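>>> Build me a structure from this.
(2 chains)
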Amino acid sequence: MTALKVPILKVGEVLLVSIQADIDDRAVLELQHRVLEQIEQTNARSVLIDISLLEMVDSFTGRMLSDIASMASIMDAATVVVGIQPAVAITLVELGLELKGVSTALDVDDGLRILKGRMKDKRRKRSVDADEHAPA
Amino acid sequence: MSMRQHEGDRIEVSDNEDIVRVRAAVKEAAARMGFSKVDQVRLVTAASELARNIRLYASRGTVEVNPVRSAGRSGLRINFEDAGPGIADLELAMTDGYTTSRGMGKGLPGSRRLVDDFRIESEVGKGTLVTIIKWLR
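Residues are numbered from 1 along each chain as shown, chains lettered A, B, ... in the order given. Reported below is the predicted structural model:
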């Protein structure tokens, strides 16, 4: 079995991560590391993680998703996880995982809309702040 | 697909990729037996947690995936066996959120909620055997 490397694409200000197959724990950690690296190197403002092809999210993968979201947030990037299958959602809840701090959306379109809205809000807030601090 | 009758799988777990192998074997067996999609995911997730426990606490062990029949019902039974340090306080280990590794403490109590039968036997210094069964509805 060869170690799969999950591709990370940059589209505009968004990093797109699509996990296409079951990956082992080491690849999960490596992905987390690369996403953070890419945020820093590309100045991406948000991360969209598509897990629609994942047939299982266990406590390890669940923690990776939470960790990416909170670390990205510290780096001022928003994260949305999209495409969680219904059976996976049911199992996550029964397992006792809440995916703390993780925003979710139905699909990639939905996720992109949320992220765009968030970036717009942030820009607006920034310009308001700038106005307030501008000398009269 | 092989022509041989499926009698069960036995997977040696000694590195991270073996956990992926366990998930694939459980998924394949559960799908073949006709488990619903949700039950397939429950089984694969529980198996993933328990196989990872082998890696975390004992480093190596064995997972066996076997279809079983009892009192007219069919089910899938999975054994997770290791010769690791064992668990001193089983009750504590089954508590949500309790962990001696850097995990989330969801492995044992969480997997118990995902299956129908959950049995754990452990002896300090000897090892641990966890057996789970999910019955076909």
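>>> ranges for the strands of chain A?
Using DSSP state E, the strands assigned to chain A run over residues A:8-11, A:14-18, A:46-50, A:78-82, A:103-105.
>>> Listing partners with orientation, what would you give for the fourth one?
Think strand A:78-82. Next to strand A:78-82 in the sheet, as set by DSSP bridges, lie strand A:46-50 (parallel), strand A:103-105 (parallel).
>>> mind showing which ranges of the chain have poor pLDDT?
I went with chain A, as the question did not name one. A:1-4, A:134-136 (pLDDT under 70).
>>> look at chain B instead
For chain B, applying pLDDT under 70 flags the ranges B:1-7, B:101-105.
>>> check contacts around B:Trp74.
Trp isn't right for residue B:74; it's Ser. By CB atoms under 8 Å, 6 or more residues apart in numbering or on different chains, B:Ser74 lies in contact with B:33, B:67-68, B:135-136. The way it works is simple: take the backbone N, C-alpha and C, and place the C-beta from them, glycine included.
>>> Please name the strands paired to the helix or strand harbouring it in the sheet, noting orientation.
According to DSSP states H and E, B:Ser74 maps onto strand B:73-82. Strand B:73-82 has the following sheet partners, assigned by DSSP bridges: strand B:61-70 (antiparallel), strand B:127-135 (antiparallel).
>>> I'd like those strands as TSV, with mean neighbour count and distance to A:Asp107 appended.
Output for the strands paired with strand B:73-82, formatted as TSV (neighbours: other CB atoms under 10 Å in any protein chain shown; distance: least, CB to CB, whole Å):
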stretch	mean neighbour count	distance to A:Asp107
strand B:61-70	17	33
strand B:127-135	21	30
